[in-house]
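Engineer: Sequence and predicted model, in that order:
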Amino acid sequence: MAATELQAIVRFRFHDGSVEAFKRLSAHCMDIVINEGSTDAPVRPIPPTYAASMAVMFLAVDEVTDLPLFREYQVGARPVLAEHPCELVAYDEEAQPLERVETTKRVIALRFPSREAFHAFYDSPEYQAVIGKRLESTSGFALLLDVADAETS
């Protein structure tokens with residue numbers, strides 16, 4: 001096989017509503033293949049409609065600096081979370097440092113079925129009313145990550 005050829009045999013299982021997302025991702029992959037080696041043609045980012053259909057993980061890694069205020073945040077945030085489709089994947093107030101971290105941090109990972117579901121929670125007036133307590137009572141960062149579907153990866 002020449003170095004410029006690409007061959008693959010793949011099998012996909014589609015969940016309801018995923019065929020269109022797969023078509024958009026396939027078009028994105030073709031852009032990458034077609035533009036390989038070209039410095040003139042930028043690769044387009046994955047269309048937002050595809051990314052929005054994926055499950056996402058909210059990951060917060062922080063240190064609690066004001067425990068009473070943080071506990072107030074937790075009391076206010078729990079009922080808001082209960083109203084939205086999410087799964088607590090991990091919560092650890094004494095996470096084990098492994099790389100480039102010297103101190104223990106609090107880690108929380110919440111899985112949402114889509115970006116829309118996450119933003120329905122995060123941007124809701126109810127959560128916005130309490131998020132300031134989390135931001136004021138912790139130091140660290142939060143990320144929103146796309147989650148690979150284990151059934152199709």
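Structural biologist: Yep, that arrived.

Engineer: rest of the way, CA atoms for contacts and neighbours
Structural biologist: OK.

Engineer: where are the low-confidence patches of the chain?
Structural biologist: Flagging of the chain using pLDDT under 70 yields the residue ranges 1-53, 149-153.

Engineer: quick one: the helices in this protein?
Structural biologist: Ranges of helices within the chain are 18-34, 48-53, 67-82, 115-122, 125-137, based on DSSP state H.

Engineer: quick one, domains of this protein?
Structural biologist: Following automatic domain parsing, the chain resolves into domains at 1-53, 54-146.

Engineer: Return the distance of Val61 relative to Leu135.
Structural biologist: 12 Å (CA to CA, to the nearest Å).

Engineer: Looking at these two, which is more packed in?
Structural biologist: Val61 (20 against 16; other CA atoms under 10 Å).

Engineer: thought that one was touching Val101?
Structural biologist: No. Contact status for Val61 versus Val101: not in contact, 11.3 Å apart, counting by CA atoms under 8 Å.

Engineer: Could you give the number of residues near Arg78?
Structural biologist: Arg78, neighbours per other CA under 10 Å, totals 11.

Engineer: Could you pull up the contacting residues of the closest residue to Asp66 other than its chain neighbours?
Structural biologist: Take Asp66 and drop its neighbours on the chain: the residue closest to it by CA to CA, 6 or more residues apart in numbering is Ser137, 4.6 Å away. Neighbour list for Ser137: Val64, Thr65, Asp66, Leu67, Leu69, Phe70 [criterion: CA atoms under 8 Å, 6 or more residues apart in numbering].

Engineer: which residues pair with the first one across the strands?
Structural biologist: It refers to Val64. Counting by DSSP bridges, Val64 forms beta bridges with Thr138.

Engineer: I'd guessed Ala90 sits against Val61; true?
Structural biologist: No. In this structure, Ala90 is not within contact of Val61 by CA under 8 Å, at 11.3 Å.

Engineer: who touches both of the two?
Structural biologist: Val107, Ile108.

Engineer: distance of Leu143 from Pro68?
Structural biologist: For Leu143 relative to Pro68 (CA to CA), the value is 24 Å.

Engineer: ugh, wrong one, Gly140
Structural biologist: 18 Å.

Engineer: next one: Ala129
Structural biologist: 17 Å.

Engineer: same thing with Leu88?
Structural biologist: 22 Å.

Engineer: hang on, Leu143 packs against Val56?
Structural biologist: No. Using CA under 8 Å, Leu143 is not in contact with Val56; the gap is 10.0 Å.
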